[in-house]
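Asks: here's a sequence, model it:
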Amino acid sequence: MDSKERILSSLKNVVGEPLPRPEINLQYKTEALTEIFIGVAEASGTEVFLATGDTVAETIETWSKGGNIQSSVPALQKKYPLVFDEQVPFEKDKMPGIFVTEASFGVAENAALWLTDHELSSRLLAFIPERIIVLLKADTLVPTMHEAYENIGAEPPFGFGLFMAGASKTADIEQTLVKGAQGAKELAVILY
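Replies: Next up, the predicted model:
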C-alpha cells in the first residue's frame, strides 16, 4: 500500500457513515410566485412586463425602441430572423443588438431564468448581445432553486445550460460598477 492509499484509507475510517440529507420543505403559495419573481427581478435591475400571447411582439417593440432584433423563438423568427453566425460572432451586420429567447422556466426566489441549447442556438447568444429579452410563461415559475434542479433533472438531455438572473454587472474594490462585462447590459423579462 503506497502513501496515497494509506491516507485515503485512514480518512475513510475517520469520516464514518454519511449523514442523511435534511428534508427541505419551503412552502410558497403558487398564486404569489409571479409577485415574488417580479419583486426580486426588479430589485436586480431587470425590467419585467406582463403580457398576453397576443401582445408579446408589441411589448418587444416598445422595450427595444428599434435596433437589430433577432430571436430564437420559433413563433417570432419570421418577424425577427436569427442571422447570427457564431463562426464570425463580431460581424456587425449579423450580431443581434437585441436578442429574444424563451426560458424553460423561472425561479421566484432569485428571479433566475433557465436557458439551454434548446433555446439558444449558440451559447454566445447569452453573452454577446447588449440587450436581451427573455419570454417566460408564468405557469412555469417554480418557488426555489431546489425545485429548479428537480425540473432540470426531468428535462430532455441538453449540452449547455445556464441560469441568467439580471443584467451583467461587476464591481471592483474601488467601487467602480461595470455593466455588460460578462453579458448583456440590459435584461427584460416578458411574463405571459
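Asks: pLDDT below threshold where in the chain?
Replies: Scanning the chain for pLDDT under 70 picks out the ranges 26.
Asks: one more time with 80, if that's ok
Replies: 1, 13, 15-18, 24-31, 66, 89, 168-170, 172, 175, 177-182 (pLDDT under 80).
Asks: which ones are touching the residue nearest to residue 120 when sequence neighbours are not counted?
Replies: Nearest residue to residue 120, sequence neighbours excluded (C-beta to C-beta, 6 or more residues apart in numbering): residue 126, at 5.8 Å. In short, each C-beta sits where N, CA and C put it, glycine included. Contacts here follow C-beta atoms under 8 Å, 6 or more residues apart in numbering; on that basis residue 126 touches 115, 120, 132, 162, 164, 183.
Asks: how near is residue 126 to residue 176?
Replies: 24 Å (C-beta to C-beta, to the nearest Å).
Asks: and if you look at residue 130?
Replies: Here the criterion is C-beta to C-beta. By it, residue 130 lies 19 Å from residue 176.
Asks: ditto for residue 136
Replies: Distance, residue 136 to residue 176, by C-beta to C-beta: 32 Å.
Asks: which of these two has more neighbours?
Replies: Of the pair residue 136 and residue 176, residue 136 is the one with more neighbours under other C-beta atoms under 10 Å, namely 23 against 8.
Asks: bridging across strands, which residues link to the more buried one?
Replies: Going by DSSP bridges, residue 136 is paired in beta bridges with residue 191.
Asks: these two touch, right, it and residue 100?
Replies: No: when contacts are counted by C-beta atoms under 8 Å, residue 136 is not listed as touching residue 100 (11.8 Å).
Asks: for stretch 19-37, which positions count as buried?
Replies: Residues of stretch 19-37 classed as buried by neighbour count (16 or more other C-beta atoms under 10 Å): 33-34, 36-37.
Asks: touching that stretch from outside, list them.
Replies: Contact with stretch 19-37 is made by 48, 106-109, 111, 138, 141-144, 146, 191, as judged by C-beta under 8 Å, 6+ apart.
Asks: go on, stretch 143-160?
Replies: With C-beta under 8 Å, 6+ apart as the test, stretch 143-160 has contacts from 24, 26, 28, 30, 33, 36, 104-105, 107-110, 112, 114, 116-118, 120, 123, 142, 161, 163.
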